[in-house]
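1. I'll drop the sequence and a predicted model, then ask my questions.
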Amino acid sequence: MTLTEETGDAWQSERRLTAIGRIGLSVPARQAVIDQQIIPGSSVLDYGCGRGADVGALTSMDVAASGWDPYYHPNGRLEAADVVLLTYVLNIIEDPQERRRTLLRAWELAKQSLVVSTRLTWERSKIKGAEFGDGVLTSRRTFQHLFGASELRGYVEDVTGVRCVSAAPGIVYAFKQDEARLSYLARRIAPHVAWLASDDAASAIASVIDQSEQRGRIPRLEEMPGQMAELLAHLSVSELQRLVRSSADSDKIAEGARRSTLTTLLFLALELFNGRGPFSCLPLFVQLDVRAFFSSYKEACQRADRLLLKLRDDSYVRGAMQASKVGKLTPTALYVHRRAIDLMPIVLRLYEHCAAIAAGRPSEWSVLKLRHQGRAVSWLDYPEFNSDPHPRLKSSYVVDLATLKTSLISYDQSANRPLLHRKHEFLSLDDPDVPKCERLTQSEIKAGLYKNPHLIGTEDGWEAELVRCERALRGHRLVRRS
Ligand SMILES: C[S@@+](CC[C@H](N)C(=O)[O-])C[C@H]1O[C@@H](n2cnc3c(N)ncnc32)[C@H](O)[C@@H]1O
């Protein structure tokens, strides 16, 4: 039964009460700026803009932003824009059909992309009220339909009819053109390699050599920043190639080629997971990498498809975890620090990316956990990982890849939080923090602090063991307790 049927009136839920005053950008608008979905000069329509804080903040960033809201800005400009924001609107609409129509209307108004965000199921405990329809009706008569993170992506895909990507938990992008979706995916995977600054021909050549070493191939003119192409205009393509070949370090070129081959495979496998487009839709640099490092697009796709299939193979995944140069392997999972994840074997990087696209990677996290039985990815947030010798867990966001169910476990209010030991095991060997963490672990072992491993996993147990061994911590040093 809908609210209207129950009461005989339309518009009974107090939707306008859901709009809060905010200073600066909302989380979804901020994400869209970080992801370069919104750039200076682009036009943005904030559909259901509430009090208009995002419109104000975007306008001050040279974005042509306008907003419309049935209560706060009913006379706002309701015209198509490059990017349409639909921020925390769907979750407050109690009528499922109207919810769908609203999403469709926002999609129709988007010329390039739609950014949809909603509140998520894990916020249920924060909302007091009675079950109503497919959501909750609060005592203020506001309504909330909380979405699961991957449910939201599926819903947007269903209504828009296009493949969507979770940018973060509760934030989904839908693109009008496949090229834009693939460029976004490519940017998520391939780190941007900055061009060295150059103001004359010699420094421009040095910059091209550096790029060639990093990418494993000579970049094409179309890939260069505008000013660089001008500085190199006096050279023919073959002269530039000869110059690079004679000056670049061949070992670095080989290493760059290996890295680019793996990144291309990772991209193509992820593309298969998210929906493969034709070769011509791929970003230019991916097309050029395919030409440079594979015999054909078909061969590249076949290898990428095999890689994606390997994700289902328990023994292959476990083997990759055992072979991984980074991370701590336990009987259930591999744990890797954020700074080291690009050093994981490619199948494990794919594992993480698939979960991120399905349900969103949170912005705050420091340690990645990949299960080897079943497929589940957790992003663990230890906010003080760098400064605390035994970082305390703040939250864990888990995506089960088999069911696409997500959950957030928060330890914020917990008086006895889980904590980490042997921090260096999560880092790569060349991480500058490794020596001090290793030294600390050695002194802790020597002091007998790891004799009762079942006790030290949480704050209270660890503190009790420190007292028992008459030790205390001063930064990353273990000292006698006075
Ligand atoms: C939770 S507020 C979010 C406001 C704003 N987007 C923000 O994030 O600050 C939900 C907004 O949706 C608006 N709204 C309600 N029904 C709507 C509909 N059918 N279409 C568009 N907006 C609607 C409400 O007026 C309200 O301002």
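-> That came through, no problem. Numbers count the residues shown, from 1 in each chain.
2. Test my guess that residue 288 contacts residue 217.
-> Yes: the pair residue 288 / residue 217 is scored as a contact, 7.1 Å apart, by CB atoms under 8 Å. Yep, even glycine has a C-beta here, placed from its N, CA and C like the rest.
3. what does the protein put close to the ligand?
-> Contact residues (CB under 6 Å from any ligand atom) of the chain with the ligand: 15-16, 18-19, 22, 26, 47-50, 53, 69-72, 87-89, 92-93, 98, 102.
4. 8 Å instead, please
-> Counting by CB under 8 Å from any ligand atom, the positions of the chain adjacent to the ligand are 15-16, 18-20, 22, 26, 28, 46-51, 53-54, 68-72, 85-89, 91-93, 98, 101-102, 105-106, 117.
5. Weed out the non-buried ones from these.
-> 15, 18-19, 22, 26, 28, 46-51, 53-54, 68-69, 85-89, 91-93, 102, 106, 117 (16 or more other CB atoms under 10 Å).
6. Among those residues, which lie within helices?
-> Among those, the ones falling in helices (DSSP state H) are 28, 53, 54, 102, 106.
7. residues touching the last one, list them.
-> When contacts are counted by CB atoms under 8 Å, 6 or more residues apart in numbering, residue 106 is found next to 47, 84, 86, 114, 116.
8. ok, the residues you listed vs residue 184, which is closest?
-> residue 114 (12.9 Å; CB to CB).
9. If we ignore the residues flanking it in sequence, what's nearest that closest one?
-> Counting by CB to CB, 6 or more residues apart in numbering, residue 114 lies nearest to residue 174, which is 4.5 Å off, once chain neighbours are set aside.
10. cool, residue 461 as well?
-> residue 455 (3.9 Å).
11. how about low-confidence regions in the stretch 1-150 of the chain?
-> 1-12 (pLDDT under 70).
12. Let me see the ranges of the helices in the stretch 151-300 of the chain.
-> Here the stretch 151-300 of the chain has its helices, by DSSP state H, counting those that start in this stretch, at 178-189, 201-215, 226-231, 237-247, 250-274, 284-293, 297-310.
13. want to throw the ones you listed into a markdown table with mean neighbour count?
-> Converted to a markdown table, the helices of the stretch 151-300 of the chain look like this (neighbours: other CB atoms under 10 Å):
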| stretch | mean neighbour count |
| --- | --- |
| helix 178-189 | 19 |
| helix 201-215 | 19 |
| helix 226-231 | 14 |
| helix 237-247 | 13 |
| helix 250-274 | 19 |
| helix 284-293 | 19 |
| helix 297-310 | 16 |
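14. Can I get those in a markdown table including distance to residue 324 and mean pLDDT?
-> Below are those laid out as a markdown table (distance: least, CB to CB, whole Å; pLDDT from 0 to 100):
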| stretch | distance to residue 324 | mean pLDDT |
| --- | --- | --- |
| helix 178-189 | 19 | 94 |
| helix 201-215 | 23 | 94 |
| helix 226-231 | 37 | 86 |
| helix 237-247 | 34 | 92 |
| helix 250-274 | 14 | 95 |
| helix 284-293 | 23 | 96 |
| helix 297-310 | 14 | 96 |
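15. In CSV: these, plus distance to residue 386.
-> CSV is the format used below for those (distance: least, CB to CB, whole Å):
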stretch, distance to residue 386
helix 178-189, 24
helix 201-215, 27
helix 226-231, 36
helix 237-247, 39
helix 250-274, 27
helix 284-293, 33
helix 297-310, 33
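16. between those helices, which gets nearest to residue 435?
-> Residue 435 lies closest to helix 250-274 among these, at 25.4 Å (CB to CB).
17. what residues does the closest one touch?
-> Applying CB under 8 Å, 6+ apart, the contact partners of helix 250-274 are 163, 165, 181-182, 185-186, 189-190, 212-217, 276-277, 286, 289-290, 292-294, 300-301, 303-305, 307-308, 346, 349-350, 353-354, 357.
18. can you list the domains in the chain?
-> 3-176, 189-310, 314-410, 429-480 (automatic domain parsing).
19. List the buried residues in stretch 401-413.
-> In terms of neighbour count (16+ other CB under 10 Å), stretch 401-413 has its buried residues at 401, 404, 405, 406, 407, 408, 411.
20. Now do the spatially closest residue to the fifth one that is not a sequence neighbour against residue 453, distance only.
-> For residue 407, the nearest residue in space outside its immediate sequence neighbours is residue 398; the separation is 5.2 Å by CB to CB, 6+ apart. Separation of residue 398 from residue 453 (CB to CB, to the nearest Å) stands at 24 Å.
21. Check residue 129 too.
-> Taking CB to CB, one finds residue 129 at 44 Å from residue 453.
22. still on that earlier bit, narrow the buried residues of stretch 401-413 to those in strands?
-> Residues of the buried residues of stretch 401-413 located in strands (DSSP state E): 406, 407, 408.
23. can you pull up the bridge partners for the last one?
-> Beta-bridge partners recorded for residue 408 (DSSP bridges): residue 397.
24. Return the residues in contact with it.
-> Counted by CB under 8 Å, 6+ apart, residue 408 has contacts 120, 122, 169, 395, 396, 397, 398.
25. same question, the second one
-> By CB under 8 Å, 6+ apart, the residues touching residue 407 are 122, 397, 398.
26. how about these in a markdown table, adding distance to residue 338?
-> Shown next, in a markdown table, are the contacts of residue 407 (distance: CB to CB, whole Å):
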| residue | distance to residue 338 |
| --- | --- |
| 122 | 22 |
| 397 | 13 |
| 398 | 16 |
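27. If you rank those residues by neighbours, which is first?
-> Ranked by neighbour count (other CB atoms under 10 Å), these have residue 397 at the top, with 25 neighbours.
28. wait, isn't that residue in contact with residue 376?
-> No: using CB under 8 Å, residue 397 is not in contact with residue 376; the gap is 11.0 Å.
29. For residue 454, pull up the helix or strand it's in.
-> Here residue 454 sits in a region with no helix or strand, counting by DSSP states H and E.
30. And the residue of the stretch 101-250 of the chain that's closest to the ligand?
-> Nearest to the ligand, among the residues of the stretch 101-250 of the chain, is residue 102, at 4.5 Å (CB to the nearest ligand atom).
31. circling back: show me which of the buried residues of stretch 401-413 is closest to the ligand.
-> Checking the buried residues of stretch 401-413 one by one against the ligand (CB to the nearest ligand atom), the nearest turns out to be residue 408, at 19.9 Å.
32. got a pLDDT number for that closest one?
-> At residue 408, the predicted lDDT confidence score is 94.
33. Nearest residue to the middle of this structure?
-> Relative to the mean C-alpha position of the chain, the nearest C-alpha, by CA atoms, centre = their mean, is the one of residue 361, at 3.8 Å.
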